[in-house]
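Student: Got a sequence here, can you build the structure:
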Amino acid sequence: MSPGFRVFAIRYAHRDDVAAAEVFHHATPADEPRAMAYYIWLITGPAGTFLVDTGFGCEVARKRDREDCLRGDPLDAVRALGADPETLTDVLLTHLHFDHCGELHRFLRARFWLQRRELAFWTGPGASRPSFRRVVMSEDITDVVALNLDGRVRWVDGDVEVAPGLSLHLVGGHTAGMQVVRVETAHGVVVLASDAAHYYVNLETDRPYSALDSVSGAHTAFDRLRELAGPAGHIVPGHDPEVLRRYPVAGPYLDDVAVELTPVEREEQP
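Tutor: Numbering: from 1, shown residues only. Have a look, this model is predicted:
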C-alpha cells in the first residue's frame, strides 16, 4: 500500500427526514425516513492533492430550496486541512448531479476528471426527461462544456490511474457515467463510493437509491465497489451521516464537519 495518501470526508450540507421513497428504489412500509449528509472529499499525499466533487453553493441552494441545508462553505474546511482551492490542480468529478459539481469557477487552476459517458448523457436526448432533468442544474453542464473548450477537462473512458495508488473506476448505475475513487493508504484501501451507494444500508441490503440510470447497473455497481475494496477495504457511502460517527474528527474546530477516513486505529463498528 502507498504510505502517503490521507483521505478526508467534508460535510457541507445536511437534511433531516428524507423520505424512505427517496432512500430506496422500492421503499416498503417498514422503511423509515433518514437524515442525509452532503459531502465532498479531499485526498492528500506526496503525489499531490486531489478534491473529489465540489458540492453546491448558496445560489443553487436558493433555487432548489436548500438554503436551510447548508452548513457553511466547504472550502473553509478544505483550507483548514491544508489545501488551497485556488491552487488545486486536479478535481475528480464522480458525476454531474447538482450536489456534486457546483461552482467549478472557484477552482482557478484545476483540471476536471470526468467520464466521457457522463457528459455524453447530459448533452444527449434523454437528459430532458423529468426524472433525469430534476437532478441537474443547466449551468453546471454548460460550465463543464466551457471548461472543455478551455482544455481543462481530463476525459476518462472506464478505469484510469490518476496517480500511483489513486484510481478512478466507471461503475454506472446511478448515472450513465458514475465513477468511484479507489485510494491506497498506509492503513488499507478506501473506496469513495459517492452516489454509487448513498447509504451503508443501500449496500448492506442490496437495495439501490431511488435516482437511477439503471437498476441492474446499480446492483452491478455494488458488486464493483466490493471488488475494488477487497475483504479489508473501506467503502465510504456518499450521503450517510453515519460516516461522521464511524471515523475520527479530522482536526481542531472540524467537529461534525470533517473526518479522516484513514486513521491509524479505528474501533470496529458493530
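Student: The helix or strand where F112 lies pairs with which strands, parallel or anti?
Tutor: Take DSSP states H and E as the rule and F112 turns out to sit in strand 111-115. Strand 111-115 sits in its sheet next to strand 90-92 (parallel), strand 153-156 (parallel), going by DSSP bridges.
Student: For L261, which of those is the nearest?
Tutor: Closest to L261 of those, according to C-beta to C-beta: strand 90-92, at 15.0 Å. In short, each C-beta sits where N, CA and C put it, glycine included.
Student: average model confidence for that closest one?
Tutor: Strand 90-92 carries an average pLDDT of 98.
Student: Then stretch 99-119?
Tutor: 98.
Student: What residues of it count as buried?
Tutor: Neighbour counts over stretch 99-119 (16 or more other C-beta atoms under 10 Å) mark 99-104, 107, 110-115, 117-119 as buried.
Student: got it, and stretch 203-219?
Tutor: L203, R207, P208, Y209, A211, L212, D213, S214, G217, A218.
Student: ok, so of those, who is nearest V136?
Tutor: Lowest distance from V136 to those (C-beta to C-beta) belongs to A211, with 10.8 Å.
Student: circling back: name the nearest of the buried residues of stretch 99-119 relative to L170.
Tutor: Within those, the smallest distance to L170 is 5.5 Å, found for Q115 (C-beta to C-beta).
Student: residues contacting that closest one?
Tutor: Going by C-beta atoms under 8 Å, 6 or more residues apart in numbering, Q115 touches H95, W155, V156, D157, L168, L170, G177, M178, Q179.
Student: if we go to 10 Å?
Tutor: 93-96, 121, 155-158, 160, 168-172, 175-179 (C-beta atoms under 10 Å, 6 or more residues apart in numbering).
Student: Could I have the buried ones of these as ChimeraX selection syntax?
Tutor: A single ChimeraX command is used to select the members of the contacts of Q115 judged buried by 16+ other C-beta under 10 Å:
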select :93,94,95,96,121,156,160,168,169,170,171,172,175,176,177,178,179
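Student: Take the contacts of Q115 and keep only those in strands.
Tutor: If you go by DSSP state E, the contacts of Q115 have W155, V156, V160, L168, H169, L170, Q179 in strands.
Student: With that, I have no additional questions.
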